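Chemist: make a model of this:
(one chain, ligands or ions: 1)
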Amino acid sequence: MCPHIVTQAFIFAVVCGFVHFLFLLHHHRSKINKLRNQGMPMPKEWSWATGHLLTLWRYKNKFPRDAFVGTALTLLAADFSDTEAFVMDLWPVAPAILIVYSPELSTQISTKYNLLKEESFEKSLGPITGGPNMLTMNGEQWKMWRAIFNPGFSAASMQDYVPHVVSSVETFCELLDKKTREGDIFRLGDLTMRLTADVITKLTLNTSLDCQRSENLLGDGLQAIIRWHSLWDPFVLMNPLRPIVQRYHSWRINRYIQRELRKQFLEQISGKPPRDAADSGRVKSIASLILESSARSKPSKLLRTRTGIDHHFINLATNQIRLFLFAGSDTTSSSIIYTYHLLSQHPGVLEKLRAEHTAIFGPDPSKAADLLRNSPILLNKCRYTMAVIKETLRLYSPAATMRAGGDGIVLRDRTNYAYPMEHLSVSIIHRAVHLNPRVWPRPREFLPDRFLVDRGHELYPNPAAYRPFEQGPRACIGQNMVYNEMRIVLILTARKFIIKPAYEEWRTLHRWKREWIETFSGDESSARWEIDEHVFGDRAYQTEKAGTHPKNGYPCRVEVLHNE
Ligand code: HEM
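Modeler: Predicted coordinates:
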């Protein structure tokens, strides 16, 4: 073909593409402009060309580049304290979103209307989960999977699972102990991620990978994918190496999971009883639950073949398992770190926490593990420990929710202002709800007692304003597991170790590394030591990769606590 014609065809295609883009832009902005004219709350700085992208950019620039975007939105939210909701027109980077930090509006979104999950969410989680999964599904499909997994997360199952968690935390203690002897600075995130991976791989696949002591394909592959991930950061998303690295790890993880599923499937059809994730024989692993459901349900019978499981089914099952591996390790790991971080700044709270453990488990900290194994119910007695965890999750919520709007849906704020949702998605920013000064007295203070005071006390929390796990039918399925795991971690470590952040020393050690190394390698440990970065004075601020993570994985030192 003549090169001249090829060039002309190319130019024509580019021009058509551009005209189409302009058409979409005009179509979209006209709708937002109409909402503006109707008086819907939104930042004034809006333009036909860029919507609110520049506003977000301006607020993002008040913080370090890798700070969680919710931090900027929380700051912006202060301008909308009467409505506690405002529109951000971020098209074409994201849909136009109603940002919400009102408990009343949040309840309408998650419970009254239980709005559908936003389509784009599946795409942005794709590299981590591999495709459609329970977190992103809607309607009957979601209902079916939730019903399959619910029994695995009942309070009774979680109690039976306690001995396994205790064993994993004991290994974590051994590794901390080793760090005290070595005396070096290390990133706490490296240890907590391996701990939570240990706990969740057993529950998910019912295999003991000993993630804490050995390299393993599942935990390390997932970590690599997360390191190269961002839900929105264009610098990360445009890195040409990103899809290659993520697809490589994705392929290896899928291969491992599918091999394991096939093995367990063959055990099942050969008449072996399903494997259980705890010695009690009552905790079904995620893999067992999936395989049992495939045996029960009609559609899956059709999908199955004589020699194995149908491709479509096994692919969906693999995505679900990847979701659990991710959801079960990433957020819990960050939350454990933030608990230590807050305790290191509040010695009075730490003292009370230790006193509670001594009162319940006796003066010898080394006895607590066996006591817990034999009597998991003791966890329920640790009320102050639970309050410390809840307050940590209030101040450092690692997740958020994003839902789609829809025709005929109208949300109403407490002033009765109506938000028609035809053209808007909606996001509840948990961080902003949890710092909302109308509903939380002394919102930025770490006050675990607010979860212990009686109704009528000024600190007594409004239940609708506390939503780290979201509320309503789509609330986190793993919250009982998180509370158990975090309580066990605190009970077995708080009286043995002193963990202190070591950002200044880490900075000195890594001064020679430059930002481009991080961008090139996806390694966040070395990032941006040129400036003394913090968010509202906090060096361990939340950065975002998939869930939020403490900056630089929380460099710290650990010492053994010598009890008198
Ligand atoms: C501190 C730890 C955790 C936090 C803060 C957290 C938070 C959340 C939130 C906010 C949601 C709702 C998301 C949305 O509406 O889009 C959610 C959903 C979910 N979480 Fe968690 N999560 C945590 C740990 C876990 C663990 C340990 C597991 C599994 C073992 C888990 C599994 C899930 C699943 C499967 C869903 C989807 C539920 C559904 O749509 O029906 N999460 N989580």
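
Chemist: now do the helices in the stretch 201-350 of the chain.
Modeler: Ranges of helices within the stretch 201-350 of the chain are 217-227, 234-237, 241-269, 286-296, 298-303, 311-345, 347-361, based on DSSP state H, counting those that start in this stretch.

Chemist: tell me how far residue 135 lies from residue 469.
Modeler: 13 Å (CB to CB, to the nearest Å). Just so you know, the C-beta spots here come from the backbone N, C-alpha and C atoms, and that holds for glycine as well.

Chemist: list the contacts for whichever residue of the stretch 151-300 of the chain sits closest to the ligand?
Modeler: Residue of the stretch 151-300 of the chain nearest the ligand, by CB to the nearest ligand atom: residue 200 (5.8 Å). Taking CB atoms under 8 Å, 6 or more residues apart in numbering as the contact definition, residue 200 lies against 324, 325, 328, 329.

Chemist: again, only using 10 Å
Modeler: Contact analysis of residue 200 by CB atoms under 10 Å, 6 or more residues apart in numbering lists 168, 211, 218-219, 286, 324-330, 332, 478, 481, 485.

Chemist: quick check on it: phi, psi?
Modeler: phi -80, psi -30 (degrees, to the nearest 10).

Chemist: skip the chain neighbours and tell me the closest residue to it.
Modeler: residue 328 (3.3 Å; CB to CB, 6 or more residues apart in numbering).

Chemist: how many neighbouring residues does that neighbour have?
Modeler: 23 (other CB atoms under 10 Å).

Chemist: do the same with the one 4 residues further on
Modeler: Burial of residue 332, expressed as a neighbour count using other CB under 10 Å, amounts to 25.

Chemist: distance of the residue in the stretch 451-564 of the chain that the ligand sits nearest to from residue 286?
Modeler: Distances between the stretch 451-564 of the chain and the ligand by CB to the nearest ligand atom are smallest at residue 478, namely 2.4 Å. Separation of residue 478 from residue 286 (CB to CB) stands at 11 Å.

Chemist: which of the two has more neighbours?
Modeler: Taking neighbours as other CB under 10 Å, residue 478 and residue 286 compare with residue 286 leading, 24 against 21.

Chemist: list the contacts of the closest residue to the more buried one other than its chain neighbours.
Modeler: Once flanking residues are discounted, residue 286 sits nearest to residue 204: 4.5 Å by CB to CB, 6+ apart. By CB under 10 Å, 6+ apart, residue 204 lies in contact with 152, 197, 218, 257, 260, 277, 285-287, 289-290, 320-325, 328-329.

Chemist: may I ask which helix or strand encompasses the nearest residue in space to residue 452 that is not next to it in sequence?
Modeler: Nearest residue to residue 452, sequence neighbours excluded (CB to CB, 6+ apart): residue 387, at 5.2 Å. Following DSSP states H and E, one finds residue 387 within helix 383-395.

Chemist: need the contact list for residue 323.
Modeler: Here residue 323 is in contact with 125, 128-136, 145, 204, 286 (criterion: CB under 10 Å, 6+ apart).

Chemist: residue 459: which of the residues you listed is nearest?
Modeler: residue 135 (32.8 Å; CB to CB).

Chemist: surely that closest one touches residue 124?
Modeler: No - the criterion here is CB atoms under 10 Å, and residue 135 misses it with residue 124 at 11.3 Å.

Chemist: what about these two, which has more around it?
Modeler: Comparing residue 135 with residue 124 by neighbour count (other CB under 10 Å), the higher total belongs to residue 135, at 22 against 18.

Chemist: just give the closest residue to that one, not the sequence neighbours.
Modeler: residue 323 (5.6 Å).

Chemist: confidence score at that neighbour?
Modeler: For residue 323, the model assigns a pLDDT of 95.

Chemist: now it: how far from residue 330?
Modeler: On the measure of CB to CB, residue 323 and residue 330 end up 11 Å apart.

Chemist: overlap in contacts, these two.
Modeler: Joint contacts of residue 323 and residue 330 (CB under 10 Å, 6+ apart) are residue 128.

Chemist: which residues of the chain lie near the ligand?
Modeler: 134-135, 146, 200, 323-324, 327-328, 331-332, 335, 398-399, 401, 468-470, 474, 476-478, 481-482 (CB under 6 Å from any ligand atom).

Chemist: pull out the buried members of those residues.
Modeler: Listed as buried from these are 134-135, 200, 323-324, 327-328, 331-332, 335, 398-399, 401, 468-470, 474, 476-478, 481-482; burial here means 16 or more other CB atoms under 10 Å.

Chemist: circling back: spit out the residues that contact residue 478 and residue 286 alike.
Modeler: 149, 152, 153, 200, 203, 324, 328.

Chemist: how about residue 142, what does it touch?
Modeler: Counting by CB under 10 Å, 6+ apart, residue 142 touches 116, 117, 132, 133, 134, 135, 136, 473, 474.

Chemist: wasn't residue 98 part of a strand?
Modeler: Yes - assessed by DSSP: H, G, I helix; E, B strand; the rest coil, residue 98 belongs to a strand.
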